[in-house]
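Chemist: how would this look folded up:
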Amino acid sequence: MYAAFVEMKADIHPKYQEAEIRCACGNVIKTRSTKHTILVGICNLCHPFYTGTQKFVDTAGRVDKFQQRMAKTQAAQAAAAVNTSKRKKK
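Modeler: All right, here's what the predicted structure looks like:
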């Protein structure tokens, strides 16, 4: 029969210590963890679900780059449509 009391190995578990969760908005939450510091991008003080406000986050101008590419593509499509309509009239 299996023994009910099995000894656990000593000194294999990480140290459980006081820790800080740091958000990108500047909020710091004290907790306990195996890591000393935990960095997060969003917390309950800045998340749109909890705040009721919508934030527009643009990382490294990606949204602007996308909008520029989109405008360029639409301009090229409009020019192609004009060229196609000119060919049909000839």
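Chemist: show the pLDDT at residue 35.
Modeler: Predicted confidence (pLDDT) at residue 35: the value is 94.
Chemist: now it, nearest residue through space, not along the chain?
Modeler: Leaving aside its chain neighbours, residue 35 sits nearest to residue 19 (6.0 Å; criterion: Cβ to Cβ, 6 or more residues apart in numbering). C-betas here are computed from N, CA, C, even on glycine.
Chemist: now the one you found, which residues is it bridged with?
Modeler: Taking DSSP bridges, one finds residue 31 as the beta-bridge partners of residue 19.
Chemist: residues near it, how many?
Modeler: The burial count assigned to residue 19 is 16, neighbours taken as other Cβ atoms under 10 Å.
Chemist: that one reaches residue 33, doesn't it?
Modeler: Yes - the pair residue 19 / residue 33 is scored as a contact, 3.9 Å apart, by Cβ atoms under 8 Å.
Chemist: how about the helices in the protein?
Modeler: Counting by DSSP state H, the chain forms helices over residues 48-51, 62-89, given from the N-terminal end onward.
Chemist: among these, which gets the worst mean confidence?
Modeler: When the helices of the chain are compared on mean pLDDT, helix 48-51 scores lowest, with a mean of 76.
Chemist: what comes up buried for it?
Modeler: Within helix 48-51, no residue is scored as buried using 16 or more other Cβ atoms under 10 Å.
Chemist: alpha carbons of that helix, as PDB, please.
Modeler: Below are the C-alpha coordinates for helix 48-51, written out as PDB (Å, rounded to 0.1, in the frame of the first residue of the first chain):
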ATOM      1  CA  PRO A  48     -10.400  50.700 -20.200                       C
ATOM      2  CA  PHE A  49     -12.800  48.100 -18.800                       C
ATOM      3  CA  TYR A  50     -12.300  49.400 -15.200                       C
ATOM      4  CA  THR A  51     -11.900  53.100 -16.000                       C
END
